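1. please work out how this folds:
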Amino acid sequence: MGLRNAFGMGIALALALAGPARAEDPIRIADVIELSGAGATVGTNWKNAIEMAVEEINQKGGILGRPLEVSHYDTQTNPGVSRAQVQKALDEEPYVIFGPIFSGSVKVNMMLAQQAEVPQFTGAEATELTQSGNPYIFRTSISQAAAMPKLANYLADDLKAKKVAVVWVNNDFGKGGHDAILEQMKAHGIEVVADLSTESGQADFAADVVKLKSSGADAAIVYTNEEESARFLREAHKQAIAIPLIGETTLLNQKVIDLAGDAANGVRGHVGLSADAPFDTIRAFRDRFQARYGYLPDHNAIKAYLAVYAVRYATQKIGKVDSVALAETLHGLTITTQDEPGILIDTTWDANGDVDRVSFLAEVENGRQVIVKTLPKLGH
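-> Alright, predicted model coming up:
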């Protein structure tokens with residue numbers, strides 16, 4: 001056999017080995033998430049739910065006959081590290097990326113996924129993330145722009161508040177929420193009498209609570225990350241704050257309730273997702289998660305779990321594993337629990353990658369989050 005013929009056969013063999021994916025080849029997905037640092041609590045919930053969904057889907061035959069294979073990457077709750085981890089994940093050519101949750105990390109790493117044309121599902125809520133024209137970013141949570149009008153309506157219509165204090169965390173998540181809160185307070189004619197900026201990882205809130213007590217506010221909006229929320233609630237309880245403490249999903253998180261103890265009782269607010277939501281699909285997920293991990297899932301776990309099932313549904317809809325086609329299909333897609341029970345709650349993604357679905361008003365009673373009202377989709 002001549003050298004040229006041998007060389008040609010070698011190329012042909014290499015091409016055959018690197019040919020189209022076989023049915024049994026795994027679909028690689030990457031989970032870039034906060035597993036250490038200030039976001040470890042929320043990131044662990046997210047990671048555990050991803051693994052649970054992957055195992056369930058693989059037990060059902062995978063996606064288009066191919067099993068899922070997930071790799072986890074720790075952002076250390078550090079934006080710079082998160083960017084490096086997304087690049088590391090992309091080197092493995094994943095079909096999709098899940099995470100992170102912290103808005104500051106997503107802000108600096110989502111361009112990498114966009115350039116690689118890989119869809120990225122995030123639990124982050126900062127409004128600006130889906131306003132940049134990136135067709136590959138998708139939320140699993142309701143954005144601040146969608147959540148704050150519902151929170152403001154509750155303050156104005158139910159509590160009849162005229163003066164509020166705003167306690168917020170000075171990071172990308174907090175800044176976006178702070179701006180949305182101020183806009184909604186102005187629109188509802190509610191005066192902000194105290195604007196209290198706090199820091200991520202802050203341990204002592206005594207001075208902030210003193211300022212809150214002297215502000216003359218009818219209610220306080222607390223918009224901080226989970227562990228800081230628990231510390232704030234304990235200090236507010238210690239100083240006998242009597243006005244309603246109102247917040248978003250991060251304030252009424254079960255982990256916050258567990259850490260704050262009795263200080264969390266009476267806290268109220270808007271939650272986009274809850275393990276106590278009045279839906280059989282969510283309750284069944286909650287029970288399976290608790291049986292597997294020994295604790296109740298928070299909203300981050302729900303967001304991660306449904307994201308994996310959204311990928312499953314959309315991929316089977318298009319009939320092929322194609323990252324670009326997946327992103328195109330998700331825009332404008334509505335997935336119902338009737339079509340895919342793993343989505344847990346009927347969810348629509350709009351042209352920007354934002355979600356629209358029902359949400360809830362809740363109050364903490366005896367150490368548990370209790371849903372008191374279901375709020376309709378914005379696009380109802």
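2. show me where this protein dips below the pLDDT cut-off.
-> 1-23, 379-380 (pLDDT under 70).
3. care to break it down by domain?
-> For the chain, the TED database gives the domain ranges 27-142+278-349, 145-271+361-375.
4. nearest to V355, out of the ones you listed?
-> Closest to V355 of the domains of the chain, according to C-beta to C-beta: domain 27-142+278-349, at 5.2 Å. Heads up, the C-betas are built off the backbone N, CA and C, glycines and all.
5. how far away from the center of its chain is that closest one?
-> In terms of C-alpha atoms, centre = their mean, to the nearest Å, the centre of domain 27-142+278-349 is set 9 Å apart from its chain centre.
6. ok, K255 - contacts?
-> The contact partners of K255, by C-beta atoms under 8 Å, 6 or more residues apart in numbering, come to 41-42, 45, 226-227, 230, 298.
7. turn the domains of the chain into JSON lines, columns for distance to V355.
-> Shown next, in JSON lines, are those (distance: least, C-beta to C-beta, whole Å):
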{"stretch": "domain 27-142+278-349", "distance to V355": "5"}
{"stretch": "domain 145-271+361-375", "distance to V355": "8"}
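8. what number of residues lie near A291?
-> Counted with other C-beta atoms under 10 Å, the neighbours of A291 add up to 8.
9. go on, A240?
-> Around A240 there are 8 residues (other C-beta under 10 Å).
10. and what of E228?
-> Neighbourhood size, E228 [other C-beta under 10 Å]: 23.
11. quick check: it vs G174, distance?
-> Plainly put, E228 is 10 Å away from G174 if you go by C-beta to C-beta, to the nearest Å.
12. swap in I371?
-> Distance of I371 to G174, computed by C-beta to C-beta: 25 Å.
13. before we move on, back to that, want to throw the contacts of K255 into TSV with distance to P376, neighbour count and secondary structure?
-> Formatted as TSV, the contacts of K255 follow (distance: C-beta to C-beta, whole Å; neighbours: other C-beta atoms under 10 Å; DSSP: H, G, I helix; E, B strand; the rest coil):
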residue	distance to P376	neighbour count	secondary structure
T41	31	20	helix
V42	27	28	helix
N45	27	30	helix
E226	27	21	helix
E227	32	22	helix
A230	31	23	helix
D298	24	29	coil
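14. check those and tell me the two furthest apart.
-> Largest separation among the contacts of K255 by C-beta to C-beta: N45 and A230, giving 14.9 Å.
15. what segments of the stretch 201-350 of the chain are helices?
-> Per DSSP state H, counting those that start in this stretch, the stretch 201-350 of the chain has helices spanning 206-213, 226-238, 254-260, 280-293, 299-318, 323-330. These are given in chain order.
16. now for the fourth one, which elements pack on it?
-> Packing partners of helix 280-293 (3 or more C-beta pairs under 8 Å, 6 or more residues apart in numbering; DSSP states H and E): helix 40-59, helix 299-318.
17. what residues sit buried inside the first one?
-> Of all the residues in helix 40-59, those buried under the rule 16 or more other C-beta atoms under 10 Å are 40-54, 56-57.
18. got it, and stretch 332-352?
-> Of all the residues in stretch 332-352, those buried under the rule 16+ other C-beta under 10 Å are 333, 335, 337, 340, 342-350, 352.
19. E340 against A314, yeah?
-> No: in this structure E340 lies outside contact range of A314 using C-beta atoms under 8 Å: 9.3 Å.
20. hmm, back to that, so what sits against both of E228 and G174?
-> 198, 200.
21. okay, which residue is most central for the protein?
-> For the chain, G123 is the residue whose C-alpha lies nearest the centre (C-alpha atoms, centre = their mean; 2.1 Å).
22. pretty sure that one sits against F138.
-> No: applying C-beta under 8 Å, one finds G123 not in contact with F138, separated by 10.7 Å.
23. which helix or strand contains H72?
-> Assigned by DSSP states H and E, H72 belongs to strand 68-74.
24. any chance of the buried residues of stretch 332-352 in a markdown table, plus distance to S143?
-> What follows is the buried residues of stretch 332-352, written out as a markdown table (distance: C-beta to C-beta, whole Å):
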| residue | distance to S143 |
| --- | --- |
| L333 | 17 |
| I335 | 18 |
| T337 | 22 |
| E340 | 22 |
| G342 | 23 |
| I343 | 18 |
| L344 | 19 |
| I345 | 16 |
| D346 | 17 |
| T347 | 13 |
| T348 | 13 |
| W349 | 12 |
| D350 | 10 |
| N352 | 9 |
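25. ok, those vs L151, which is closest?
-> Among the buried residues of stretch 332-352, I345 lies closest to L151 (C-beta to C-beta), at 19.3 Å.
26. so the closest one makes contact with V358?
-> Yes: with contact defined as C-beta under 8 Å, I345 and V358 form a contacting pair (7.1 Å).
27. please report how far the closest residue to E191 other than its chain neighbours lies from A217.
-> Nearest residue to E191, sequence neighbours excluded (C-beta to C-beta, 6 or more residues apart in numbering): K163, at 4.9 Å. Per C-beta to C-beta, K163 is found 5 Å from A217.
28. intersection of neighbour lists for those two?
-> Shared contacts of K163 and A217 (C-beta under 8 Å, 6+ apart): V193.
29. got the phi and psi for the residue nearest to L155 when sequence neighbours are not counted?
-> Nearest residue to L155, sequence neighbours excluded (C-beta to C-beta, 6+ apart): A161, at 4.6 Å. A161 adopts backbone torsions of phi -70, psi 140, taken as degrees, to the nearest 10.
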